[in-house]
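Undergrad: Next comes the sequence, and after it the predicted model I'd like to discuss.
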Amino acid sequence: MNSRFVAVAGATGGLGQLVAMELVTRGMAVKALVRPDTAPSRTEKLRNAGVIIAPVDLLAVPALTSELTGAICVVSTLQGLKDVIHTAQGKLLEASVAAKVPRFIPSDFSLDFTKTKIGSNRNLDLRREFHAELKNSGIAWTSILNGGFMDLMVGDSPMINHKSHKVAYIGSTTQLLDFTTMADTAAYTAEVAIDPKPTPNFLRIASHTLDVKGIAQAQTNVEGVTYKPSWMGTVGSMEFMIRVMRLFGGENDVFPAWQGMQYMANMFSGAGKLDSLDNSRYPHLNWTKVQDFFQEHKDKKCSDKNSWP
């Protein structure tokens, strides 16, 4: 392997794989840290692209340290609850420090949790709590905050109802919302990982910032049918519903229904809004508009349908 490489943890996941592939296109050697029992089919695309697959126990610091020695950056795209975000990612951080890795990118990729209220979003709280360990580690780190993933607005989206042609919202239709595609997030993350210059602790990006009326108009333009915002209540009423739903469980699930509602409340209250963006740090990158993303998804869906025998 090239003596300079970037290690990606969680590389078999959707975002992790995209990050690894973006690094490869930039000529950077990549090592994917995967669990020892990972099925070969899940790493096939990475192997074919020249990524080095490194099966390793994410809780074994000595083994991780050995794998990370020589890395210029460690990118964590691990997803899960406390056992992953705190424990497994904590071991990854410990090994990165031991291996003297210059830069660590934690698995944040979210709304601006530096502004959200503690207790308002369980998954964001986990990330905020991990930062206490990150700040005390001594390693240079950069957290990338990208708002909501635009990808979650297509397919079986809870926000857009294609049968009723409604776009659900709470609070006000004028609240601006930040969305970034996973592909755009991965491209930006790759740039940060290989950046020879020091990077700040937080970088905030968004492919497109718009309100719910803009989302409805984008969907209207793509589908040729009028979509309208559909009010689902106040932010306060949703927060009350979340508290009630949590009484019935879901604490051990990564994404129970009330977790998605917490993200919605954080976005429509403005608490998780990205106040200033760092898109221009890498001016050669292109950013995807919501309407273009909807159109791309529709075209792909039609293409896949037409490809069936």
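TA: Now that the structure is in, tell me what you want to look at.
Undergrad: Against which helices or strands is the longest helix along the chain packed?
TA: Assignment by DSSP state H gives helix 290-306 as the longest helix of the chain. Here helix 290-306 touches helix 212-223, going by 3 or more C-beta pairs under 8 Å, 6 or more residues apart in numbering; DSSP states H and E. Using the backbone N, CA and C atoms, a C-beta is placed for each residue, glycine as well.
Undergrad: and stretch 69-80, how far from the chain's centre?
TA: Mean-position distance between stretch 69-80 and its chain equals 14 Å (C-alpha atoms, centre = their mean, to the nearest Å).
Undergrad: quick one: buried residues of the longest helix of the chain?
TA: Neighbour-count burial for helix 290-306, counted by 16 or more other C-beta atoms under 10 Å, picks out 290-291, 293-294, 297.
Undergrad: Same check on stretch 253-262?
TA: Residues 256, 258-259, 261-262 are the ones in stretch 253-262 that count as buried (16+ other C-beta under 10 Å).
Undergrad: Got the confidence number for P36?
TA: Note on P36: pLDDT of 93.
Undergrad: which ones are touching it?
TA: When contacts are counted by C-beta atoms under 8 Å, 6 or more residues apart in numbering, P36 touches 55-57.
Undergrad: closest to A95 among those?
TA: V56 (9.4 Å; C-beta to C-beta).
Undergrad: didn't that closest one look like it was pressed against L33?
TA: Yes - with contact defined as C-beta atoms under 8 Å, V56 counts as touching L33 (5.6 Å).
Undergrad: shared neighbours of these two, which are they?
TA: Joint contacts of V56 and L33 (C-beta under 8 Å, 6+ apart) are 64, 67.
Undergrad: And those two? Which one has more around it.
TA: Between V56 and L33, counting by other C-beta atoms under 10 Å, L33 is the more crowded of the two (28 against 20).
Undergrad: Toward the C-terminus from the helix or strand where the more buried one lies, list the very next helix or strand.
TA: Per DSSP states H and E: L33 is located in strand 29-34. Once the chain leaves strand 29-34, the next helix or strand it forms, by DSSP H and E, is helix 40-48.
Undergrad: Give me the buried positions along that next one.
TA: 43, 46.
Undergrad: With adjacent residues omitted, what lies nearest to I53?
TA: T43 (5.0 Å; C-beta to C-beta, 6 or more residues apart in numbering).
Undergrad: Per-residue pLDDT of that neighbour, please?
TA: 96.
Undergrad: ok so, going back, what is the orientation angle of the strand holding L33 with helix 40-48?
TA: 170 degrees (axes from the mean of the first three to the mean of the last three C-alpha atoms, to 10 degrees).
Undergrad: Could you list the residues in contact with stretch 178-186?
TA: Residues outside stretch 178-186 that contact it (C-beta under 8 Å, 6+ apart): 14-15, 18-19, 21-22, 109, 111, 144, 146-151, 153, 205-210, 267, 273-274, 285-288, 290, 293.
Undergrad: R35 - how many residues pack around it?
TA: 14.
Undergrad: right, and H131 touches S143 too?
TA: Yes - using C-beta under 8 Å, H131 makes contact with S143 at a distance of 7.5 Å.
Undergrad: Spit out the residues that contact those two alike.
TA: Common neighbours of H131 and S143 (C-beta under 8 Å, 6+ apart) are P106.
Undergrad: could you check the distance from S137 over to R127?
TA: Going from S137 to R127 by C-beta to C-beta, to the nearest Å gives 15 Å.
Undergrad: Look up phi and psi at D156.
TA: Backbone dihedrals for D156, given as degrees, to the nearest 10, come out at phi -90, psi 60.
Undergrad: Can you give me the pLDDT of it?
TA: pLDDT, read off for D156, is 77.
Undergrad: And for D304?
TA: If you check D304, the pLDDT there is 74.
Undergrad: what separates it from A88, distance-wise?
TA: Look at D304 and A88: by C-beta to C-beta, they are 35 Å apart.
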